[in-house]
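# no sequence for this one, just the structure:
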């Protein structure tokens, strides 16, 4: 059997296995623990009762939902430093250690039992009758809710996110394995498998080996989403990495948010609305970022107020979103807001649009139509003796623009989310080592590079999350990355309000004489 045939068999087995599974593989907490988890994480009662918190020396009374236990002690109970306060480790194994407990402030007390812990939560008194400082809220709740909360505190340190075990972390990817994109999907799966094998050979992540579940995305969008949903419900999946989400960004974002699933480095043309799932982390810029870079470049071509920027494109929600993404933040000086010229989808009157552009005195045109429409417009503009600078997205250009009218030499600018120059010498060397050791295919290099970058981003996040791994810690670790260099993409920076790592674009200008595209500077970071 050929190597590719073997891969097809192995990946197909994953899909078959999903159909045979009848229920969750991970043990669920009992009813009391589940109710207690809600109290711990949300500060609300599953039975509908009132839970209040008394805070500070002035005895301010608040709903416990404003200060749930997890807000200070974290989802893992280890504590999160905040405002100079370090909440203690409240895992049950720590609270019930037999020897005396001595805290940084000198407070000493014996081990907790259920009764003494309940008393502390209500009164602020520890087992030695020491009073905690005012940073610890005092909680009032029913006996049932207190029993449930204590049941969950016993279970807390064993309450791992799906896919996390003592010696392994299982992540998943969603890729086409057959059909027109099948070879691309298989190549992406192979390179991620190879990288994780290398990580595992070095001892894994804090002693845990990385395992990759490949979920096939063949079939209709509905079928693909059903396969993903089944895998998430029946397999332990910690995060989704390097998934092929082209055409499915929004529904996948909605599904992963509903599952609390981080989405790391998806492979797509245009990222969806990251607010739908704040645990999503894209590597490359989308159309809105690229259009923003083009607009910044167009306005920077001359002194402020001397450039008349015009948006031109078909009517429709997609074009509206691209224009809205950049229009309000543009500093256009005396020229005012950019003009917007629209035409019916598939119904461009090139001569009419050329006349409207001439009337608008547009000398920088940000064009959002198809290549065929652009070529017709260029001919109409040239016929009027006009050659404004034209800015467009490379994704909208299906082929080179080398046959454009000569007047547009050096006046056609294309934005690219990534170029081969993004791969550094060390990145190329790393890929070649993987290719040699794991017999990676020679084709679909762009997809392999994107998948490898996603795998490296995930590993960096897992290392930053630490030994006490959780999805929340992974998100925190990825948010903290600043100019992280994969060697395969522009440096990646994330933050609480930033979910696209490389937030900018490359820009190329069309050289009609040499029939080539030349870079305009290096990477253009999108202005804030």
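Arrived safely, thanks for sending. All of these numbers come straight from a predicted model, not from anything done at the bench. Numbers count the residues shown, from 1 in each chain.
# okay, now the unreliable bits of this protein?
Applying pLDDT under 70 to the chain flags the ranges 1-28, 80-84, 301-306, 328-336, 528.
# in it, which residue is most central in space?
residue 281 (1.6 Å; CA atoms, centre = their mean).
# could you list the buried residues of stretch 408-422?
By neighbour count with 16 or more other CB atoms under 10 Å, stretch 408-422 contains the buried residues 408, 411, 412, 413, 414, 415, 416, 417, 418, 419, 422. In short, each C-beta sits where N, CA and C put it, glycine included.
# shouldn't residue 452 be in contact with residue 431?
Yes: taking contacts as CB atoms under 8 Å, residue 452 lies within contact range of residue 431: 6.6 Å.
# list residues touching both of these two?
Shared contacts of residue 452 and residue 431 (CB atoms under 8 Å, 6 or more residues apart in numbering): 191, 488.
# which of these two has more residues huddled nearby?
residue 452 (27 against 21; other CB atoms under 10 Å).
# on contacts alone, who are the packing partners of the host helix or strand of the more buried one?
Element membership of residue 452 [criterion: DSSP states H and E] is helix 445-465. Applying 3 or more CB pairs under 8 Å, 6 or more residues apart in numbering; DSSP states H and E, we find helix 445-465 packed against strand 168-175, helix 182-201, strand 240-241, strand 263-264, helix 425-438, helix 471-479.
# packing partners of the second one?
Here helix 182-201 touches helix 3-20, strand 168-175, strand 209-216, helix 425-438, helix 445-465, going by 3+ CB pairs under 8 Å, 6+ apart.
# can you lay out the ones you listed as CSV showing distance to residue 36?
Below are the helices and strands packed on helix 182-201 laid out as CSV (distance: least, CB to CB, whole Å):
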stretch, distance to residue 36
helix 3-20, 32
strand 168-175, 26
strand 209-216, 30
helix 425-438, 46
helix 445-465, 24
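# which of those sits closest to residue 67?
helix 445-465 (24.7 Å; CB to CB).
# flag every buried residue along the helix holding residue 452.
Those would be 445, 447-462, 464-465, for helix 445-465 by 16+ other CB under 10 Å.
# circling back: so which of the buried residues of stretch 408-422 are in strands?
412, 413, 414, 415, 416 (DSSP state E).
# out of the residues you listed, flag the one nearest to residue 163.
Using CB to CB, these come closest to residue 163 at residue 416, 34.8 Å.
# now do the contacts for that closest one.
Contact partners of residue 416, counting by CB under 8 Å, 6+ apart, are 290, 394, 505, 506, 507, 508.
# please apply the same query to residue 365.
Neighbouring residues of residue 365 by CB under 8 Å, 6+ apart: 309, 310, 312, 357, 388, 389, 390, 391.
# just say helix, strand or coil for it.
strand (DSSP: H, G, I helix; E, B strand; the rest coil).
# what bridges to it?
Beta-bridge pairing of residue 365 under DSSP bridges involves residue 310, residue 390.
# roughly how far apart are it and residue 203?
For residue 365, the distance to residue 203 equals 55 Å [CB to CB, to the nearest Å].
# just residue 464 next, same as before
Distance from residue 464 to residue 203, by CB to CB: 17 Å.
# residue 193 too?
18 Å.
# now swap in residue 442 and tell me
According to CB to CB, residue 442 and residue 203 sit 31 Å apart.
# and residue 495, by the same measure?
Taken as CB to CB, the span from residue 495 to residue 203 is 30 Å.
# residue 266 now?
In this view, residue 266 and residue 203 are 28 Å apart by CB to CB.
# those two: who's more crowded?
Of the pair residue 266 and residue 203, residue 266 is the one with more neighbours under other CB under 10 Å, namely 28 against 10.
# ok, now which ones touch that one?
Contacts for residue 266 (CB under 8 Å, 6+ apart) come out as 240, 242, 243, 244, 245, 249, 252, 280, 282, 454.
# you'd agree the first one is up against residue 265?
No: here residue 240 lies out of contact with residue 265, judged by CB under 8 Å, at a distance of 9.2 Å.
# the residue lying closest to residue 484 once chain neighbours are set aside - how many residues pack around it?
For residue 484, ignoring the flanking residues on the chain, the nearest one in space by CB to CB, 6 or more residues apart in numbering is residue 492 at 4.6 Å. Residue 492 has 25 neighbours, counted by other CB under 10 Å.
# just residue 127 next, same as before
With other CB under 10 Å as criterion, residue 127 counts 19.
# surely it meets residue 114?
No: using CB under 8 Å, residue 127 makes no contact with residue 114, being 11.6 Å away.
# so residue 312 sits in a strand?
Yes: counting by three-state DSSP, residue 312 is located in a strand.
# that one: neighbour count?
26.
# and it, how far from residue 241?
Applying CB to CB to residue 312 and residue 241 gives a distance of 38 Å.
# over to residue 400?
Residue 400 is 34 Å from residue 241, by CB to CB.
# ok so, going back, and of the helices and strands packed on helix 182-201, who's closest to residue 51?
Nearest of the helices and strands packed on helix 182-201 (CB to CB): helix 445-465, 30.0 Å.
# what pairs with residue 63 across the strands?
Assigned bridge partners for residue 63, using DSSP bridges, are residue 52.
# list the contacts of it.
43, 51, 52, 53.
# residues in contact with the third one?
Right, residue 52. 61, 62, 63, 64, 139, 140, 141.
# do that again at 10 Å, thanks
Counting by CB atoms under 10 Å, 6 or more residues apart in numbering, residue 52 touches 43, 61, 62, 63, 64, 65, 66, 137, 138, 139, 140, 141.
# and which of those residues is nearest residue 317?
For the contacts of residue 52, the nearest to residue 317 is residue 65 (36.7 Å; CB to CB).
# leaving out chain neighbours, which residue sits closest to residue 265?
Of all residues not flanking residue 265 in the chain, residue 454 sits nearest, at 2.6 Å (CB to CB, 6+ apart).
# show me how far stretch 248-257 is from its chain's centre.
Chain-centre distance of stretch 248-257: 11 Å, with CA atoms, centre = their mean, to the nearest Å.
# could you do stretch 369-377 as well?
For stretch 369-377, the distance to the chain centre is 33 Å (CA atoms, centre = their mean).
# could I get the buried residue list for that stretch?
Neighbour-count burial for stretch 369-377 [16+ other CB under 10 Å]: 369, 370, 373, 374, 375, 376, 377.
# residues in contact with that stretch?
The set of residues external to stretch 369-377 that reach it, using CB under 10 Å, 6+ apart, is 312-314, 319, 343, 345-351, 353-354, 357, 365, 367-368, 390, 392, 396-401, 403-405, 412.
# so who does residue 289 touch?
Applying CB under 10 Å, 6+ apart, the residues contacting residue 289 are 270-271, 282, 325-326, 415, 417, 500, 502-505, 524-526.
# swap the cut-off to 6 Å and go again
Residues in contact with residue 289 (CB atoms under 6 Å, 6 or more residues apart in numbering) are 503, 526.
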